[in-house]
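Undergrad: Give me a model of this one.
(chains A and B)
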Amino acid sequence: MHVIPITPYHYLVLAAALFTIGVIGVMVRRNIIILFMSIELMLNAVNLNLVAFSRLYGHVVGQVFALFIVAVAAAEAAVGLGILLAFYRNKETLNVDEVNLLRG
Amino acid sequence: MLEAVAFYGLAALILGFGLMVVTARSAVHSVVFLVLNFLAVAVAYVVLAAEFLAVIQVLVYAGGIVVLYLFVVMLVNQKRAPEAHHDPHRKSGLGVMLAAAVLAEVTAIVVYTASSSPASVPTPPPAIAGNTEQVGLLLYTDYLIPFEVASMLLLAAMVGAILFARKAQ
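TA: Next up is the predicted model:
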């Protein structure tokens, strides 16, 4: 049985699929907490992409950028969930379709 | 052969848990599947020889960020289901179709690139061994200023999160 060797390109496709799942989550779900989790999935897909390129080119700079993305994701989660809590105290809802204070 | 089994097993775990995060009914279940997804991605990092990043992934994502999500899910007790109200202007089906089209396009690009270039670029072996040492050296030499900016960003995010989550006086 012939087996195709696994290259970093396989991981690129895997990361693209994970990113698509995150995009679908953002577009389909209405619970804002699950929206945030979908964004985390997308950031993870980007990290996987960077690490796959780091492997492909044999250089660790991709991993350094992935570390920065982890730091930014932590900051995003903290501030985003803080805003979410403040919003929930005012409007008593987590549905993004009811978030229309700016009439958007 | 072993590599193929590892990759396809990991891919099934990552994508399966990712789908469950998106489709789970309750937010608590989503958080649990998110932890499992992060752990599977950490294993993928180990397979890709990024051990330091795998440890950071487990510590920061699976340990820190997910606990934050869990706290928020517990703090907001939902009197009614958040998915109850439905905006008629929302076109979810179109969004899913567009996302699938983008995935097909990206996959086609990757397959085309992979077939027209060598599997890996031959590079000279690094001067120092060890993944953590390499990342640390790069982080404290070429990327020192972005590193400091990231620490300032985390400080600002910490102050901002406290300010937002605090009860208004």
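Undergrad: Only C-alpha atoms from now on, for both contacts and neighbour counts.
TA: Fine.
Undergrad: residue boundaries of the helices in chain A?
TA: A:8-28, A:32-57, A:61-91 (DSSP state H).
Undergrad: Remind me what the longest one packs against, helices and strands.
TA: So the one you mean is helix A:61-91. helix A:32-57, helix B:51-56, helix B:66-75, helix B:131-140, helix B:144-165 (3 or more C-alpha pairs under 8 Å, 6 or more residues apart in numbering or on different chains; DSSP states H and E).
Undergrad: Next, format those helices as TSV and append distance to A:Gly25, mean pLDDT and mean neighbour count.
TA: TSV is the format used below for the helices and strands packed on helix A:61-91 (distance: least, C-alpha to C-alpha, whole Å; pLDDT from 0 to 100; neighbours: other C-alpha atoms under 10 Å in any protein chain shown):
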stretch	distance to A:Gly25	mean pLDDT	mean neighbour count
helix A:32-57	6	93	23
helix B:51-56	25	93	19
helix B:66-75	16	89	16
helix B:131-140	33	89	15
helix B:144-165	25	92	16
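Undergrad: Indicate which one of those helices is closest to A:Val72.
TA: helix B:144-165 (7.4 Å; C-alpha to C-alpha).
Undergrad: Not counting residues beside it along the chain, what's closest to the spatially most central residue of chain A?
TA: For chain A, the residue sitting closest to the mean C-alpha position, by C-alpha atoms, centre = their mean, is A:Met42 at 2.4 Å. Nearest residue to A:Met42 in three dimensions, chain neighbours excluded: A:Phe19, at 4.6 Å (C-alpha to C-alpha, 6 or more residues apart in numbering or on different chains).
Undergrad: What's the local residue count around B:Gly93?
TA: The number of residues packed near B:Gly93 is 12, by other C-alpha atoms under 10 Å in any protein chain shown.
Undergrad: which element is it on?
TA: Assessed by DSSP states H and E, B:Gly93 sits inside helix B:92-116.
Undergrad: Need the phi and psi values for A:Gly58.
TA: Backbone geometry at A:Gly58, expressed as degrees, to the nearest 10, gives phi 60, psi 30.
Undergrad: Pull the contacting residues for the most centrally placed residue in chain B.
TA: Nearest to the geometric centre of chain B sits B:Phe38, at 6.6 Å (C-alpha atoms, centre = their mean). B:Phe38 makes contacts with A:44, B:57-58, B:61-62, as judged by C-alpha atoms under 8 Å, 6 or more residues apart in numbering or on different chains.
Undergrad: Quick check: the gap between it and A:Leu41.
TA: For B:Phe38, the distance to A:Leu41 (C-alpha to C-alpha, to the nearest Å) stands at 9 Å.
Undergrad: what does B:Ala157 give?
TA: Taking C-alpha to C-alpha, one finds B:Ala157 at 20 Å from A:Leu41.
Undergrad: Would you mind listing where the chain has pLDDT under the threshold?
TA: Looking at chain A here, since you left the chain open. A:1-3, A:103-104 (pLDDT under 70).
Undergrad: The intended chain is chain B.
TA: Using pLDDT under 70, the flagged stretches of chain B are B:78-86, B:118-128, B:168-169.
Undergrad: what do you get if the cut-off is 50, keeping everything else the same?
TA: Within chain B, no stretch has pLDDT under 50.
Undergrad: What count of nearby residues applies to B:Val58?
TA: 18.
Undergrad: That one contacts B:Val41, doesn't it?
TA: No: counting by C-alpha atoms under 8 Å, B:Val58 stays clear of B:Val41, with 9.3 Å between them.
Undergrad: quick revisit: now check the helix holding B:Gly93, is it near chain A?
TA: Yes: residues of helix B:92-116 are located near chain A by C-alpha under 8 Å from any C-alpha of the partner chain, namely B:92, B:95-96, B:99-100, B:102-103, B:106-107, B:110-111, B:114.
Undergrad: Drop anything exposed from the residues you listed.
TA: Among those, the ones that count as buried by 16 or more other C-alpha atoms under 10 Å in any protein chain shown are B:95-96, B:99-100, B:103, B:106-107, B:110, B:114.
Undergrad: Adding distance to B:Leu34, write these out as JSON lines.
TA: JSON lines is the format used below for those (distance: C-alpha to C-alpha, whole Å):
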{"residue": "B:Gly95", "distance to B:Leu34": "22"}
{"residue": "B:Val96", "distance to B:Leu34": "21"}
{"residue": "B:Ala99", "distance to B:Leu34": "21"}
{"residue": "B:Ala100", "distance to B:Leu34": "22"}
{"residue": "B:Leu103", "distance to B:Leu34": "21"}
{"residue": "B:Val106", "distance to B:Leu34": "24"}
{"residue": "B:Thr107", "distance to B:Leu34": "24"}
{"residue": "B:Val110", "distance to B:Leu34": "27"}
{"residue": "B:Ala114", "distance to B:Leu34": "30"}
